[in-house]
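Student: next one to model:
(2 chains)
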Amino acid sequence: MAQKGDLLLQMKGVQKRFGGAIALRGTDLSIRAGEIHALLGENGAGKSTMLKILAGVHVNDGGTISIGDKPFTTGSPQASIEQGIAVIYQEPSLFLDLTLAENVFIGRQPMKGVAIDWAQAQSEAARLFAELGVPLDPKRQARGLSIADQQVVEIAKALSMNANIILMDEPTAALSASEVERLMTVMKSLKAANKAVIFVSHRLDEVFAISDYITVMRDGATVSENPVGGTDLQKVIKEMVGRELTELFPKTENKIGDVALEIKDLTNPAYFRNISFTVRHGEIVALAGLVGSGRSEVARAIFGIDKYTTGSVKVNGKDLAKGSPVAAMAEKIALVPEDRRQQGLFMIASVNRNISMESFDRIKGKIFLNFKKERALTEIWREKLSIKYEAQSNPVESLSGGNQQKTVLAKWLATDPDILIVDEPTRGIDVGTKAEVHKLINAAAGEGKAVLMISSELPEVLGMADRIIIMREGHKVAELSRLEATQEKVIAAATTGSKGA
Amino acid sequence: MKLKLRFSWDTSILIILAVVWVAASLTTDNFLSSINVSQIFSNTSEITIMAFGVIFLIILGEIDLSVASILALGSSMLGWSYAKGAPIWLAIIICMAVGTLCGFINGWLVTKVGLGSLAVTIGTLALYRGIANGILGTNTINEFPEFWTGFGFDTIGTSFIPQSLPVIILFGIGFALLLHNTPFGRRTLAIGQSPEAARFAGVNVVRHKIIVFTFTGFMSGVAGVIYTFRFSTAQADNGIGLELLVISACLLGGVSIFGGIGTIWGVIAGVLLAGSVESWLTLREINAQWRTIVTGILLLISVAAPVLINKAKAAKVRAENKS
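Tutor: Model prediction:
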């Protein structure tokens, strides 16, 4: 059993690259027993890569990692478990029809002769739950447990495998406020038992409430490692952002026209409440906030993918029917969804079939599709967006991520929308293509289209938007004009709900 | 190399069909005789007609196991209403209308109640045939006007072309255009490839599925009319087991069981292959059990082949990437 303060894990100069992209460029981290250690950073800073290396999913290219006084054996999740490392994911993966005791001991059931010793499994599970301060009934089914309690079961499972180091990747992102309390209790119990907890979170108020140490990462490197008393919110935010806004985003001044989209008191109790804002013709409005703050759900509700319970959506002053993408498209709304592989594209279909999917009216005679017109339409958009592919008839899955994203944009721009909603338009694409996508979005606004942009990337939000609406936990917490907005204000509002200093 | 990579199941089926024809005509006296070819076409007419509906369902990622039961229920209604004194044209319309209604019920249960199509149509497979039994019991009605019973059997003039062939060709062209040249067909493929992306593309997935289930029912009704007249028989166990042949034909024809992929001409080739093998074995006087075994093996090959081809392609790509 480790003593409080013993060094459990040390990472030095850890590097990792994926093809041409550098994910980690020399990261340090040291974790001691009986410590809760928060890992902070913007999306893409390298936090998940770190966790995945420790979990045995990825292998680091350089640097050293030691567990206690032994070098860390990388390479398989099984090896990581044997070295006392356990990962708790945001979405637990329990077997819902089994009991909690069965879940805790799945695959390693205590035996009595040839039979499983259920009494032993249950009393052991009960002991673990009690130790974590959450007395769940080991005989109940996992189905119906809250996400937080499911996480507790996962943690108990980890403890039963003698885990010393518990990694949690955004454990609170999917939890309600009372569930967060519960998880914090558990984290404190782990700490009391001299385990080490490393957790990733974007909710800075929580981080300061519970952590002992805070490590900030940026662009694949460690920026700072401080005991919680040695830093503060402002400092951490500055370190996370760390860079000056460059001229990557040449903002064009567009003529701003009448209100195109008016959202009033939009509520879907599961995701968001009383959201109101407007977007004018020629204007780019950014919807900022953390992943899970309800931004995408608002977009889905506007476009009619999901229904909302109360509130209204008006397009050019007219009410829009709820729950109907067909009605939204008739009012010339386009939604470029966040997940291009699942939602935006038909991966095995050809490029031209994807691009024409929402524009049949443009390539159709009286009844039948005109393939010649379809090829011409694709050619027009290939040229406008400089999409790169070998042949129109190639499946879109053969394109690079950036070209896939351009294809999604193309198919929606081809409908000539009045209102363009883009959800994470540059996620997972390279810098060069990013700039092209930004130019396209600016150009769309320049043509008088109203643009609503959801983005987790602050530079993008600040560089592109005329106005920024910030959401936190389903509520609109701030609305900033281009002039008022700073990185610090946006992060402060998104993470703590404060209007910022 | 490139040619080899493009070699797919769609093209293989044509080669297999050609091989079967050559082998069959070498090993039997009259496989390619006009009477036998005519027989192949007319024996497969109901399967083809039903497959034109079912292919759309499989592409959507759904299935309909009740098509043969719909055929039987329609056929029973046709015979029953005609025996009760309805004019033959009305009896025919009733048969097709019943089929359409049965298809709509399938679609409604699948989409609005949210049950899986496999479960729903296993249920209606039993239900529709049960109703057919309730209407006709063990009775058989086989008095129909000669003009109509000839339709399922006679050839056009003195040629060897069965009269049902033009009907099938017309339907074939119509459905090929519908699947490959209209927004409706594109949306069908799109839903099969990704129902979620289809919703984001503004496709009304529920309505689309109900329409396809409904016209599959209609086509089963049409198959019921042809079947009734071809055998001059309306009875409750008409077409028993045909649903498996219909699905086999689709899969043989390169329709992906996972949805999103399929062509009408592939399905026509699939039906012809199944029909040709059957005919070949019959001419060789091979007994019925063996014919069933061969059909089963063909079906397994047709399901396994695309998967194996894809695996081989992937392995090749990996090997190329390594070197």
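Student: I figured B:Asn43 hits B:Ser276, correct?
Tutor: No: judged on CB atoms under 8 Å, B:Asn43 makes no contact with B:Ser276 at a distance of 10.2 Å. From N, CA and C alone the C-beta is placed, and that goes for glycine too.
Student: these two: which is more packed in?
Tutor: B:Ser276 (21 against 17; other CB atoms under 10 Å in any protein chain shown).
Student: please, which helix or strand holds the nearest residue to the more buried one once chain neighbours are set aside?
Tutor: Nearest residue to B:Ser276 in three dimensions, chain neighbours excluded: B:Val20, at 5.3 Å (CB to CB, 6 or more residues apart in numbering or on different chains). Applying DSSP states H and E as the criterion places B:Val20 in helix B:9-27.
Student: next one: A:Thr278
Tutor: Counting by DSSP H and E, A:Thr278 is found in strand A:272-280.
Student: if we can go back for a sec, what separates the helix or strand that comes right after the helix holding B:Val20 from the chain centre, distance-wise?
Tutor: On the C-terminal side of helix B:9-27, the closest following helix or strand by DSSP H and E is helix B:34-43. Offset of helix B:34-43 from its chain centre (CA atoms, centre = their mean, to the nearest Å): 18 Å.
Student: what's helix B:34-43 packed up against?
Tutor: helix B:164-181, helix B:264-283 (3 or more CB pairs under 8 Å, 6 or more residues apart in numbering or on different chains; DSSP states H and E).
Student: so which bits of the stretch 151-300 of chain B are right by chain A?
Tutor: B:177, B:181-183, B:186, B:189-190, B:193-194, B:196-202, B:204, B:260-261 (CB under 8 Å from any CB of the partner chain).
Student: filter the residues you listed down to the buried ones.
Tutor: B:181-183, B:186, B:189-190, B:193-194, B:197-202, B:204, B:260-261 (16 or more other CB atoms under 10 Å in any protein chain shown).
Student: among those residues, which are in helices?
Tutor: B:181, B:183, B:186, B:189-190, B:193, B:197-200 (DSSP state H).
Student: any stretches of chain B with poor pLDDT?
Tutor: B:1-10, B:151-153, B:317-323 (pLDDT under 70).
Student: center of it, which residue is that?
Tutor: Nearest residue to the geometric centre of chain B (CA atoms, centre = their mean): B:Ala51, 2.0 Å.
Student: which strand or helix spans it?
Tutor: Counting by DSSP H and E, B:Ala51 is found in helix B:45-60.
Student: which parts of that helix are buried?
Tutor: Applying 16+ other CB under 10 Å to helix B:45-60 flags B:45-60 as buried.
Student: likewise stretch A:435-446?
Tutor: A:436-438, A:440-442, A:444-445.
Student: picking up where we left off before, could you list the alpha-carbon positions for the strand holding A:Thr278 in CSV?
Tutor: The C-alpha trace of strand A:272-280 is given here as CSV (Å, rounded to 0.1, in the frame of the first residue of the first chain):
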residue,chain,number,x,y,z
PHE,A,272,-31.5,23.7,-22.7
ARG,A,273,-33.8,26.4,-21.2
ASN,A,274,-35.1,29.8,-22.3
ILE,A,275,-32.6,30.4,-25.1
SER,A,276,-33.3,33.6,-26.9
PHE,A,277,-31.2,35.3,-29.6
THR,A,278,-31.3,36.7,-33.1
VAL,A,279,-29.1,36.4,-36.2
ARG,A,280,-29.2,39.1,-38.9
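Student: quick one: strands adjacent to it?
Tutor: strand A:259-268 (antiparallel) (DSSP bridges).
Student: compute the inter-axis angle for the longest helix that chain B contains and helix B:264-283.
Tutor: Criterion DSSP H: the longest helix present in chain B is helix B:288-322. Angle, helix B:288-322 to helix B:264-283, by axes from the mean of the first three to the mean of the last three CA atoms, to 10 degrees: 140 degrees.
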